Every structure is written in C-alpha cells, then in structure tokens.
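# here is the input, now give the coordinates:
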Amino acid sequence: MYMRLRSLVISLYNALFARAVEKLFFHQLVTKTNNFGTSNWLGKPIWQNTFDLWIAQETIHDVKPSLII
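This next block holds a predicted model:
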C-alpha cells in the first residue's frame, strides 16, 4: 500500500510541479551565482558550474586515461 501511494504522489509531483520547480531552481542558481561570472576553479576564473568540473576531475582520477583531448 505504501509503495502504491508513494508511486502515485511521485507521479502527481512529476506531472504537476517538477518542471516549475526545475525552472525556479535554475533561475535562482543563475541569479545567485551571477551566471557563474565570479566562479573560480584552482584560482582561475571559469564560466562553468564548478560541480561539473569536480565531477570531471573525479572521473579523470578514477579512469586514469592515457590521453585527454
């Protein structure tokens, strides 16, 4: 019963609210970070979400590729 109710609530959320919440989140993210205009990575200014760079760094560390282009 619980799983059925949970599934229904998630479906309703996805149908009614998910898109609006996503838009509001990204609007606030861009506004609060000045569109990442003041972000730095390892002391260098960047125009990218630092989380993306963090994930790339961890992936490179884990995979240890012989060549990065």
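# ok, how many other residues are close to residue 31?
Number of residues near residue 31 (other Cβ atoms under 10 Å) recorded here: 9. Heads up, the C-betas are built off the backbone N, CA and C, glycines and all.
# now the nearest residue to residue 35 once chain neighbours are set aside: how far from residue 21?
Distance criterion Cβ to Cβ, 6 or more residues apart in numbering; nearest residue to residue 35, sequence neighbours excluded, is residue 47 at 7.8 Å. The gap separating residue 47 from residue 21 is 25 Å, by Cβ to Cβ, to the nearest Å.
# read off the pLDDT value for residue 56.
Listed pLDDT for residue 56 reads 92.
# ditto for residue 60
Looking at residue 60, the pLDDT reads 96.
# so it, which state does it fall into?
helix (DSSP: H, G, I helix; E, B strand; the rest coil).
# can you check the one 5 residues further on too?
In terms of secondary structure, residue 65 is coil; the call rests on three-state DSSP.
# many thanks, have a good one.
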